[in-house]
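**Student:** Sharing a model that was predicted from the sequence below.
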Amino acid sequence: MNVTRGFTGRPRVADPGLPPGQYDAGDDWPVLSAEVTPDLAPADWTFRVDGLVRAPRTWDWEEAHTLPESAYEGDIHCVTSWSKFGVRFGGVCLDAFLAAVRPEAAATHAVAYSHTGYTTSLPLADLTGGRAWIAWEYDGEPLAAEHGGPARLLVPHLYFWKSAKWIAGLRLLDHDEPGFWEQNGYHARGNPWEEQRYSGD
């Protein structure tokens with residue numbers, strides 16, 4: 001797959017709250033997916049954390065909802081140049097899941113994978129310290145399927161391809177293992193404020 005650098009999106013208006021090369025999508029939330037939206041009911045959803053952990057575990061929908069509730073209120077940024085201000089997601093901070101499985105000291109990275117087979121790679125440091133969530137609500141309502149419901153990974157400080165839709169699990173590793181878009185020319189980390197869109201940026 002070729003990575004096209006020519007995508008420019010809408011004309012940009014300078015805004016100090018926007019990362020470089022981004023535009024404010026306003027009330028719009030563009031739907032961009034690498035695969036077909038699955039028909040995944042909450043009763044069929046599971047989330048597993050394994051790999052370099054001391055106590056691998058799988059949660060079902062009800063079990064995940066027994067963990068302490070947490071919310072993210074802020075901004076999100078897509079590599080295709082749109083950003084949304086003042087969004088609100090509800091779910092559980094990923095730290096609660098990681099505390100239960102107890103990552104080993106050697107763990108430095110994670111592969112997030114979806115119920116569809118999609119994968120993306122992240123440094124473990126970007127998933128800890130209150131920086132990532134398993135989210136199942138948006139603006140107080142159940143997260144819509146086209147936006148990753150019943151639950152998605154949310155890593156709002158990185159470009160949104162890192163926030164895997166229809167999240168099924170995390171596998172902790174001692175090395176970086178590129179996921180779908182990383183294998184196809186996108187940046188290993190994806191920091192929007194440093195405009196890390198493509199490999200080499």
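**Tutor:** Looks like it arrived, so ask away.

**Student:** Ramachandran coordinates for residue 126?
**Tutor:** Torsion angles at residue 126 (phi, psi; degrees, to the nearest 10) stand at phi -80, psi -10.

**Student:** List the contacts of it.
**Tutor:** Remark: with contacts taken as Cβ atoms under 8 Å, 6 or more residues apart in numbering, residue 126 is in contact with 132, 155, 157, 158, 162, 189. For every residue, glycine as well, the C-beta is placed using N, CA and C.

**Student:** I'd like to know how far it sits from residue 173.
**Tutor:** Relative to residue 173, residue 126 is positioned 14 Å away (criterion: Cβ to Cβ, to the nearest Å).

**Student:** Same question for residue 185.
**Tutor:** Here the distance between residue 185 and residue 173 works out to 21 Å (Cβ to Cβ).

**Student:** same question, residue 117
**Tutor:** If you measure residue 117 against residue 173 using Cβ to Cβ, the figure is 18 Å.

**Student:** Same question for residue 101.
**Tutor:** In this structure, residue 101 and residue 173 are 14 Å apart, going by Cβ to Cβ.

**Student:** Check residue 199 too.
**Tutor:** Using Cβ to Cβ, one gets 19 Å for the distance from residue 199 to residue 173.

**Student:** Which strands border the strand ranked longest in the chain, and is each parallel or antiparallel?
**Tutor:** Among the segments of the chain that qualify as a strand by DSSP state E, the longest is strand 82-93. Strands flanking strand 82-93 in the sheet, each with its direction: strand 23-24 (parallel), strand 70-77 (antiparallel), strand 133-138 (antiparallel) (DSSP bridges).

**Student:** Mind putting the ones you listed into CSV with mean pLDDT and distance to residue 180?
**Tutor:** What follows is those, written out as CSV (pLDDT from 0 to 100; distance: least, Cβ to Cβ, whole Å):
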stretch, mean pLDDT, distance to residue 180
strand 23-24, 93, 25
strand 70-77, 96, 19
strand 133-138, 98, 20
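
**Student:** so which of these gets nearest residue 57?
**Tutor:** Using Cβ to Cβ as the measure, strand 133-138 is the one of those that comes nearest residue 57, at 13.2 Å.

**Student:** Export the closest one to PDB, keeping only CA atoms.
**Tutor:** The C-alpha coordinates for strand 133-138 follow below in PDB (Å, rounded to 0.1, in the frame of the first residue of the first chain):
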ATOM      1  CA  TRP A 133      -8.700   4.800  28.100                       C
ATOM      2  CA  ILE A 134     -11.000   2.000  27.000                       C
ATOM      3  CA  ALA A 135     -14.000   4.100  26.000                       C
ATOM      4  CA  TRP A 136     -17.600   3.100  25.400                       C
ATOM      5  CA  GLU A 137     -19.400   6.400  25.700                       C
ATOM      6  CA  TYR A 138     -19.200   9.600  23.700                       C
END
